[in-house]
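>>> Here is a sequence together with a model predicted from it:
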Amino acid sequence: GAVVSQHPSRVICKSGTSVKIECRSLDFQATTMFWYRQFPKQSLMLMATSNEGSKATYEQGVEKDKFLINHASLTLSTLTVTSAHPEDSSFYICSADSGNTIYFGEGSWLTVV
Amino acid sequence: DAKTTQPPSMDCAEGRAANLPCNHSTISGNEYVYWYRQIHSQGPQYIIHGLKNNETNEMASLIITEDRKSSTLILPHATLRDTAVYYCIVRVSGSRGAQKLVFGQGTRLTINP
């Protein structure tokens, strides 16, 4: 199956700093990628839809100035958590639309201390 | 909002067929049924999808009722590694940049030795 890669898989950052997570589609081009977050024992919650060459579309209740999304190429989208706080600690997962199916990355664990 | 209903949990004996039901009574004519699974602390894994015909691949079979209001995912010979949360999702396919996957709570499938 198609491969979507996320980096880093785990990151620890200090409160008040920013952290960037990358999502790459390795064997297909994706004009659309999606970002989710997941808290323990809960389902995935869609945060935003990332569109190549245009602004991301955020779900209701998600702060666009806090979760910056950039989709600069057809194979790369980035999520930057700005001014991170402990409550931002979560499992962040990206996915990429191949046109037929959506494939998911391995996820990135963010811990803010 | 998620448009599917799944039982919260199921158990199945190792080596037996696991049959996971999903209700999607409000599915539209152009919406596909997608199945993903998530093993603890990993990104969701694509399993299979279908529109109205039954589908089979190396992982599973998908049986969709004639009225398309429900479907069943079949893992023919379940192994311990199939223990995961299984998500049934409806989505329009083939329309780049438009259709997101919205996750419900899924079914927690436990395969018992």
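Now that the structure is in, tell me what you want to look at.
>>> What distance do you get for A:Y92 to B:R81?
For A:Y92, the distance to B:R81 under the criterion C-beta to C-beta, to the nearest Å works out to 25 Å. For every residue, glycine as well, the C-beta is placed using N, CA and C.
>>> Among these two, which residue is more densely surrounded?
The residue with the greater number of neighbours, taking A:Y92 and B:R81 and applying other C-beta atoms under 10 Å in any protein chain shown, is A:Y92; the counts read 23 against 9.
>>> Can you give the distance of the helix or strand harbouring the more buried one from its chain's centre?
Taking DSSP states H and E as the criterion, the element that holds A:Y92 is strand A:90-97. Its chain's C-alpha centre lies 5 Å from the corresponding centre of strand A:90-97 when counted by C-alpha atoms, centre = their mean, to the nearest Å.
>>> mean confidence for that strand?
When pLDDT is averaged over strand A:90-97, the result is 95.
>>> packing partners for it?
Where contact means 3 or more C-beta pairs under 8 Å, 6 or more residues apart in numbering or on different chains; DSSP states H and E, strand A:90-97 is packed against strand A:4-7, strand A:19-25, strand A:32-38, strand A:76-81, strand A:102-104, strand A:108-112.
>>> any chance of the ones you listed in CSV, with distance to B:Q38 too?
Putting the helices and strands packed on strand A:90-97 into CSV (distance: least, C-beta to C-beta, whole Å) gives the following:
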stretch, distance to B:Q38
strand A:4-7, 14
strand A:19-25, 17
strand A:32-38, 9
strand A:76-81, 19
strand A:102-104, 9
strand A:108-112, 14
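>>> Can you say which of those strands is nearest to B:I39?
Counting by C-beta to C-beta, B:I39 lies closest to strand A:102-104 out of the helices and strands packed on strand A:90-97; the figure is 11.7 Å.
>>> and the closest one, what does it pack onto?
Using 3+ C-beta pairs under 8 Å, 6+ apart: strand A:102-104 touches strand A:90-97, strand B:45-50.
>>> Ends of stretch B:36-50, what's the gap?
Using C-alpha to C-alpha, to the nearest Å, one end of stretch B:36-50 lies 12 Å from the other.
>>> Once you drop chain neighbours, what's closest to the spatially most central residue of chain B?
When C-alpha atoms, centre = their mean is applied to chain B, the residue found nearest the centroid is B:W35 (3.1 Å). With C-beta to C-beta, 6 or more residues apart in numbering or on different chains as the criterion, B:W35 has its nearest non-adjacent residue at 4.3 Å, and that residue is B:I47.
>>> thinking the one you found is in contact with B:V33, fair?
No. Counting by C-beta atoms under 8 Å, B:I47 does not reach B:V33; the two are 10.9 Å apart.
>>> neighbour count winner among these two?
More crowded of B:I47 and B:V33, by other C-beta under 10 Å: B:V33, with 24 against 21.
>>> With adjacent residues omitted, what lies nearest to whichever residue of chain B sits closest to chain A?
In chain B, the residue found nearest to chain A is B:G43; the distance is 3.9 Å by C-beta to the nearest C-beta. Using C-beta to C-beta, 6+ apart and skipping residues adjacent in sequence, the residue nearest B:G43 is A:F104, 3.9 Å away.
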